[in-house]
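Student: Sequence first, predicted model second:
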Amino acid sequence: MKKMILFAVALCLLTISCATVETTGETTVETIVDGKLTVQGACGMCKTRIEEAVLDVSGVIRAEWDQETKELTVQFDSGRTSMNAISKAVAEVGHDTDMDRADDEVYAALHECCLYRE
Ligand SMILES: [Cu+2]
């Protein structure tokens, strides 16, 4: 019988702690948004370079670049970063975007198979 009471008390405590977590969760403000950007590139090395550069931007949650369509899909916290900042980060590692052009010097230093400009 004592065991039953202890079990009931433990169950109550568990319910209370769960309720507390739920309440604090409600105060989180959702600012997660999706975005698309055309990014020039040529191969799998480009894909890794582009995605790594984007994921390095603080506030970015997800980044995927499609080699066929040249389309970069991102998911980020709009309270912490922007499409503008993401585009700049991509251009900085040598890839032209809709919004920014990479420095010729940075572009020229890319691996031979990554040179996408005509
Ligand atoms: Cu490449």
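Tutor: That came through fine.

Student: got the residues of the protein near the ion?
Tutor: By Cβ under 5 Å from the ion, the residues of the chain that approach the ion are 42-43, 45-46, 114. C-beta: built from backbone N, CA, C; applies to glycine.

Student: Determine which two of those are furthest apart.
Tutor: 42 and 45 (8.2 Å; Cβ to Cβ).

Student: which neighbours do the two share?
Tutor: Common neighbours of residue 42 and residue 45 (criterion: Cβ atoms under 8 Å, 6 or more residues apart in numbering): 113-114.

Student: Specify which residue of these two has the higher count of neighbours.
Tutor: residue 42 (18 against 13; other Cβ atoms under 10 Å).

Student: circling back: wait, which of the residues of the chain next to the ion is closest to residue 107?
Tutor: residue 114 (9.0 Å).

Student: which stretches of this structure form helices?
Tutor: Applying DSSP state H to the chain gives helices spanning 2-25, 44-55, 83-92, 104-108.

Student: So which elements touch the shortest one?
Tutor: So that's helix 104-108. For helix 104-108, there is no helix or strand it packs on, judged by 3 or more Cβ pairs under 8 Å, 6 or more residues apart in numbering; DSSP states H and E.
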